[in-house]
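A.B. asks: What would the 3D arrangement of this be:
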Amino acid sequence: MENIGGAICSPSALFTNPGDRAVRQMAGGGREGGGADRRDRPGRRRGRLVWLAGIVAIAVAFGGPGRGDARAAGARQAVVLTIDGAIDPASADYAVRGMAAAKPADTAVIVLRMDTPGGLDTSMRAIIRAILASPVPVVAYVAPSGARAASAGTYIAYACPIAAMAPGTNLGAATPIAIGGLPGLPGGEPAGGTGRKEPGEPASTEARKMLNDAIAYIRSLAELNGRNEEWAVEAVRGAASLSAVEALKLHVIDVIAGDVPDLLRKIDGRIVTVDGKPEMLATAGLRLVPVRPDWRTRFLSIITDPSVAYLLMLLGAYGLIFELMSPGAVLPGTIGAISLIVALFGLDLLPIDYAGAGLLLVGIGMMVAEAVIGAFGVIGVGGVVAFGIGSVLMFRGGTPGFGLPVATVLAATVASAAFFLLALAMLLRARRRPVVTGGEALIGAAARVISWQGMQGTVRVAGEVWQARGAAAFAAGDAVTVEGRENLVLVVAPGGSGEGRDRKEKP
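C.D. replies: Sure thing, here's the model as predicted:
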């Protein structure tokens, strides 16, 4: 059988005499068969390579493109981040750290669930940079029903490879708004513009630059993920908004889902671009891992609330003032210093009008000056007015969630005015009070004569023995009144209830 196999595999064997083959077989002791076997090995190796190539091709075809096949095998969880409220430094810190903590080895997708009216340009851009740099696909999900992704939320949705909405939600109205002369909503710091004035654009050059910058930014995000560019521009220029159904029809979003599990089922198998490479999502049946804000995020959220930062600043200013007016009290100064430092940290993260902040501090200084020097209320009234105007200007209400409530301004102004009036009343009362220390405190005091000769003698007043003189002659034990003082000699006159009436005076 080996010879037959060798003859078949070797073309030269077909033209060889059978007898010669038999002689060679007998003389060579079977080497003919071994040579044929060796000649057959390359063919078998080629067969194995063909089979291996086929297996690899099938695996690639069923495994999908990019890194998704490797990740799907081990990544069985979906991280859920929730932004509920304005896009501020606290929510940006929470989202950025949450995306950085998600590792491709165990996380298949990050779901960024949003319900936001908008927020700060700097915070929004920090979140978008984290989305674009994330090695794990990020899905923007506007939920629950009744939620919205207005202004900054629209930019974030456009930045994500997959955008989804729950029924009954909306997004849009992405026109930038300037706060205190600086951009506070998406559109941020002007980075230039086209120089062309489109219909409906603002008249001022600064506003046009900010608007064109915002348009270019959202257009680039739309191009990156293949979304509707025309509507994105309209959302910035004309503050257009869409419902979930309309957004899906216009290809502003990719899917409508009732909840996160439904979302993961609907996006399973979709191909997205992550880090410039195509990747197939394998999201069906993933375990949900909600990431809740930690103490740092909650602390930042509290101190970056405009009302809290404002009140902390007032507490710090008044605490330091009390400490300076009453040195050694320690507690007011300690509380004031800590409150002022925390307030300054929070205000540094917020879009404030520094002219308003300066006017507020000037008002506080004027009220304190009135309480110290007393200018018949002129400086104090000016301080109250400056305080109120500065409070209104410091936080403008253009950005949702970053305005200072009128009730807070009124309460703080009334409290500061009450403090000023209380300090002024205490100052006036102290000025009307008779002097109780020093030589002037003896004027009008009652005294009793201890000894007297001629026009002078000694008297006891306030428990002390003084030399005295008078225009009349007195006897020991007489009650007199101090009318003046000449160096160490008191001038006394008849009258007064005396000092030490109930005890016997000794000469």
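
A.B. asks: Could you list the domains of this structure?
C.D. replies: What the record gives for the chain is the domain set 2-63, 68-294, 304-432, 439-494, from automatic domain parsing.

A.B. asks: can you give me phi and psi for the residue nearest the centre of the chain?
C.D. replies: Nearest residue to the geometric centre of the chain (CA atoms, centre = their mean): residue 89, 2.0 Å. Backbone torsions of residue 89, given as degrees, to the nearest 10, read phi -60, psi -30.

A.B. asks: most packed of the domains of the chain?
C.D. replies: Counting by mean count of other CB atoms under 10 Å, domain 68-294 has the highest mean neighbour count of the domains of the chain, with a mean of 20. To be clear about C-beta, it is placed using only N, CA and C from the backbone, and glycine gets the same treatment.

A.B. asks: Show me how far that one is from its chain's centre.
C.D. replies: From the chain centre to the centre of domain 68-294 is a distance of 18 Å (CA atoms, centre = their mean, to the nearest Å).

A.B. asks: got the domains of the chain as CSV, with mean pLDDT columns?
C.D. replies: Formatted as CSV, those follow (pLDDT from 0 to 100):
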stretch, mean pLDDT
domain 2-63, 45
domain 68-294, 86
domain 304-432, 82
domain 439-494, 86
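
A.B. asks: Distance of the closest residue to residue 320 other than its chain neighbours relative to residue 419?
C.D. replies: Using CB to CB, 6 or more residues apart in numbering and skipping residues adjacent in sequence, the residue nearest residue 320 is residue 336, 4.2 Å away. Distance of residue 336 to residue 419, given as CB to CB, to the nearest Å: 14 Å.

A.B. asks: hey, what's in contact with both of those two?
C.D. replies: residue 318 (CB atoms under 8 Å, 6 or more residues apart in numbering).

A.B. asks: these two touch, right, the residue nearest to the centre of the chain and residue 300?
C.D. replies: Yes. With contact defined as CB atoms under 8 Å, residue 89 reaches residue 300; the gap is 6.0 Å.

A.B. asks: so what sits against both of those two?
C.D. replies: Contacts common to residue 89 and residue 300, judged by CB under 8 Å, 6+ apart, are residue 349.

A.B. asks: My read is that residue 128 contacts residue 154, right?
C.D. replies: No. Counting by CB under 8 Å, residue 154 is not a contact partner of residue 128; they are 11.3 Å apart.

A.B. asks: What strand or helix carries residue 485?
C.D. replies: Assigned by DSSP states H and E, residue 485 falls within strand 479-486.

A.B. asks: Identify the residues contacting stretch 247-263?
C.D. replies: Contacts of stretch 247-263 (CB under 8 Å, 6+ apart): 78, 80, 111, 113, 139, 141, 143-144, 157, 162-167, 171, 227-228, 231-232, 242, 244-246, 266-267, 270, 288.

A.B. asks: Do a quick rundown of the helices in the stretch 51-200 of the chain.
C.D. replies: Taking DSSP state H, counting those that start in this stretch to define them, one finds helices in the stretch 51-200 of the chain at 68-74, 89-101, 121-133, 152-159.

A.B. asks: Let's have the ones you listed in a markdown table, adding distance to residue 278.
C.D. replies: Shown next, in a markdown table, are these (distance: least, CB to CB, whole Å):
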| stretch | distance to residue 278 |
| --- | --- |
| helix 68-74 | 9 |
| helix 89-101 | 20 |
| helix 121-133 | 16 |
| helix 152-159 | 18 |
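
A.B. asks: pretty sure residue 336 is in a strand, no?
C.D. replies: No. Going by DSSP: H, G, I helix; E, B strand; the rest coil, the assignment for residue 336 is helix, not a strand.

A.B. asks: Which among the helices of the stretch 51-200 of the chain is found nearest to residue 414?
C.D. replies: Minimum separation from residue 414 across those (CB to CB) falls at helix 89-101, 29.8 Å.
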